[in-house]
Every structure is written in C-alpha cells, then in structure tokens.
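In: how would this look folded up:
(6 chains)
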Number of protein chains: 6
Amino acid sequence: MVLSARNRLDGTVTAVTTDGVMAEVVVELGDGQTVTSTITRGSVERLGLEEGDDVSAVVKASEVMIDKA
Amino acid sequence: MVLSARNRLDGTVTAVTTDGVMAEVVVELGDGQTVTSTITRGSVERLGLEEGDDVSAVVKASEVMIDKA
Amino acid sequence: MVLSARNRLDGTVTAVTTDGVMAEVVVELGDGQTVTSTITRGSVERLGLEEGDDVSAVVKASEVMIDKA
Amino acid sequence: MVLSARNRLDGTVTAVTTDGVMAEVVVELGDGQTVTSTITRGSVERLGLEEGDDVSAVVKASEVMIDKA
Amino acid sequence: MVLSARNRLDGTVTAVTTDGVMAEVVVELGDGQTVTSTITRGSVERLGLEEGDDVSAVVKASEVMIDKA
Amino acid sequence: MVLSARNRLDGTVTAVTTDGVMAEVVVELGDGQTVTSTITRGSVERLGLEEGDDVSAVVKASEVMIDKA
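Out: Down below sits the predicted model:
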C-alpha cells in the first residue's frame, strides 16, 4: 500500500508512555533528532509498539509548519 | 517564545512551490531525509521563504502517526 | 506495514481535481456515503490516483469530531 | 448551521471510553465499517455521548489521507 | 446539532480568496484579532461564503498549540 | 523565530488539567471568548504553564473550519 502522506521519517522507538486512552511514543531519527507522537493506546497495542522497534514517523504535509529565524 | 508543539526538525529549504492560495515547501534534514509542508502562500510571503533558508519543520505530536513493519 | 491511524474506510475514487499545489479526491464508500480528501498534487501523481481506483480513506482518530443532534 | 468540514459520516455510537482529559468514541457506519474518534472528556460530557446514540463522524477534508494498493 | 470541537469563535468574514481546489477565508473576531482558515473551494461555494457574513471559526482542541514568552 | 501558522490569539491561561499523557489548557481572549487546547503533559511541564500566564493560542490555517448560520 502507498499512503498519500508525504512525510515518512525512519527511526527507532526510544520511549512508549501509555495512559487510559492516549499514548506518547518517542522516535529517534538517524541524525539524533527525535519525533514525538501521541496516538491512541489502542494503536500502541495493535502495533505491539515497544522500545527498540524500527518504525516510521508519518506526517501529512498539511500538518507541518515552518519556522524561520 | 516557547511553543507547545513537540517536534522541531532543523533543516534547509530545498524547494518552494506556490499557487493561488497554497504553497508547498520541502525541507532537507541533517540525515538527508526530507519533510514536505503545505502552508498558505501568505505564510511563504510573510516568512520570505526561499531555497537555502535555514528553517525548522514544526509538527504537533498529535499529528504524527507511527508505521511499523 | 501497520499504520497507527485508527480509521481506514475502503471505497472507490469517483473524482480527482488537481491544482498547482493541491488536489481534491472524492471516495465513495460501500454504503454510498462519500469521503472528500485534500492531498498534495504530488501525492496524486505519486499514487497515480484515477477515477475507479480501489483505495482506503485513512484518518487519524484525533482528527475525527462527533456531531450529535 | 452549515459547517465547512466536507465529511459527515452517519452512524451509531458503539463504545465510549473516557480518561482524565481525553476520550475515545467508536461509531459504526451503515456498511459496518467503524470510525474511531478521540475528543476531550469535556466534549463527551457536553454532548452527553452514550452507546446507541445516533451521531455523525465529522472530518475536515485536509485531515483525510488516501492509501492505494 | 452539537459538535464536539471545543472552539467556536464568532466573527465576521473580511476576505475570501479562492483557487482551483482551495480557498482562504479571514474572519475578524470581536476584539479585532483575526482568524485565517483554509478550506476547500467547494466548501466556500456550499456555504455561499461572502465578505460581511457572520460566521464562527471552529477548531478542534487537539489542533491548538500554546506559545508562552 | 517566525512561524508559518497564521493564527495567533493572545490571551490568559484560566485552567490547566493534566493527565498521564495529555493535558487540557483553557485560554481566555481579550473579548471574553475562550480557546481550549489539548497538548501533551510534557509540553505543559516544558512551558511551565500555569493559570494567569499570558500566552498565545496558535492554530495552523488548515485546521480552522467555518460554520455559517
């Protein structure tokens, strides 16, 4: 399957924090920068997400802002 | 100012394409991965965005999905 | 690959309208209801989207609102 | 009132899970597909959402991605 | 109908700019601050949006960031 | 830094509710209207958000819908 979301950043899961409904997942990219995602607890369980997993952080282009000095 | 958005990926603008209302901006990160953003044409003009600019791609954690093989 | 986005609605593309930067894609679901998506023109070309294609409309749970009479 | 969001999928609430801040609501559509939404606990209380309620799942077109085999 | 989106800011349309697929709508609030929205051209036509219209700018709580000096 | 997000509404924090992963922040604007935001608990701690803080509610134009009577 090919998804229309333009942004797919490969990295490794370094932390998973779950709550009743939500979960926070931190992914470290190749250059050491990190990406934090909040997804549902249900998705963490469905994907079986754990520290050390190789994953992609996926973001639709319309959700990305640009900040310029 | 400190923004609550958790994701700030530093990089360089490699392409800016504008339309009547929208614009597409491509940012290359340190590790060669790219991030594509669609923002309004007005924002491109307000920020004076051009190829070669050092910028940050900013994404709220709730907009990031996780994809696992 | 398994994506964390919780919503995957299967249907058929009934219309694709492109512009300089953006594109609008209409998908008809099994029960006749339709889903409209705006994605980048680049994504339409990358996916080779055309009328009649079998696709899934994918939406992160945090982007879905509820309306009650 | 008419809302600009293009997507309005009618269905029935089949589950409501609440947490301190957030809540997860599952809606079953006419064709048996389901839509999951995360909204604030405050919204669940304000709408008085319960299993069996007839509701619409509302999504802005810019939040819908397309996945093609 | 009651929508789960928590934010509803009342104001008046001061500008509508349309493109092939997208449109930009500017709304002035009571205190003179403005809110800019990008919606589809189709939504502008469906709502018959024009300068001077009394409208509400509606935003889901998960889409609002906080910036602190 | 200048951020591409078009909407920046100045106001004062009137409530902060935190949970395991998420937090809800209410901001009162100059004209008495309020804006509710859900951000991560981590962001509340990083910004040191408290009642009485002067902040801006920041929203990307693509996340704003329009509702017309």
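
In: how far away is A:Thr14 from B:Gln33?
Out: As defined by CB to CB, to the nearest Å, A:Thr14 lies at a distance of 17 Å from B:Gln33. The way it works is simple: take the backbone N, C-alpha and C, and place the C-beta from them, glycine included.

In: more neighbours, the two?
Out: More crowded of A:Thr14 and B:Gln33, by other CB atoms under 10 Å in any protein chain shown: B:Gln33, with 19 against 13.

In: give the bridge partners for the residue lying closest to that one once chain neighbours are set aside, please.
Out: Distances taken as CB to CB, 6 or more residues apart in numbering or on different chains place A:Leu9 nearest to B:Gln33, at 5.5 Å, with adjacent residues excluded. Beta bridges link A:Leu9 to A:Ala57 when assigned by DSSP bridges.

In: residues touching A:Leu9, list them.
Out: A:Val27, A:Leu29, A:Val35, A:Ser56, A:Ala57, A:Val58, A:Val59, B:Leu9, B:Leu29, B:Gln33, B:Val35 (CB atoms under 8 Å, 6 or more residues apart in numbering or on different chains).

In: after the helix or strand hosting the third one comes which helix or strand?
Out: Read that as A:Val35. Using DSSP states H and E, A:Val35 maps to strand A:34-40. Where DSSP H and E defines the elements, the next helix or strand beyond strand A:34-40 is helix A:41-47.

In: just how off-centre is that following helix within its chain?
Out: Relative to its parent chain, helix A:41-47 has a centroid offset of 13 Å by CA atoms, centre = their mean, to the nearest Å.

In: and that helix, what other elements does it pack with?
Out: Using 3 or more CB pairs under 8 Å, 6 or more residues apart in numbering or on different chains; DSSP states H and E, the elements in contact with helix A:41-47 are strand A:7-18, strand A:22-29, strand B:65-68.

In: next, name the residue at the spatial heart of chain A.
Out: Closest to where the C-alpha atoms of chain A average out (CA atoms, centre = their mean) is A:Ala57, at 3.8 Å.

In: hang on, isn't that residue packed against A:Glu28?
Out: No. If you go by CB atoms under 8 Å, A:Ala57 and A:Glu28 don't touch, sitting 10.1 Å apart.

In: shared neighbours of the two, anything?
Out: A:Gly11.

In: please name the nearest non-neighbouring residue to A:Gly48.
Out: Nearest residue to A:Gly48 in three dimensions, chain neighbours excluded: B:Lys68, at 7.6 Å (CB to CB, 6+ apart).

In: and chain A, which residues reach chain F?
Out: A:17-20, A:22-24, A:36, A:38, A:62-63, A:65-69 (CB under 8 Å from any CB of the partner chain).

In: do that again at 7 Å, thanks
Out: A:Thr17, A:Asp19, A:Met22, A:Ala23, A:Glu24, A:Thr38, A:Ser62, A:Met65, A:Ile66, A:Asp67, A:Lys68, A:Ala69 (CB under 7 Å from any CB of the partner chain).

In: out of those, who's nearest F:Ala5?
Out: F:Ala5 lies nearest to A:Met65 out of the residues of chain A next to chain F, by CB to CB, at 5.1 Å.

In: got a pLDDT number for the closest one?
Out: Looking at A:Met65, its pLDDT reads 98.

In: so what's it bridging to?
Out: Beta bridges link A:Met65 to B:Val58, judged by DSSP bridges.
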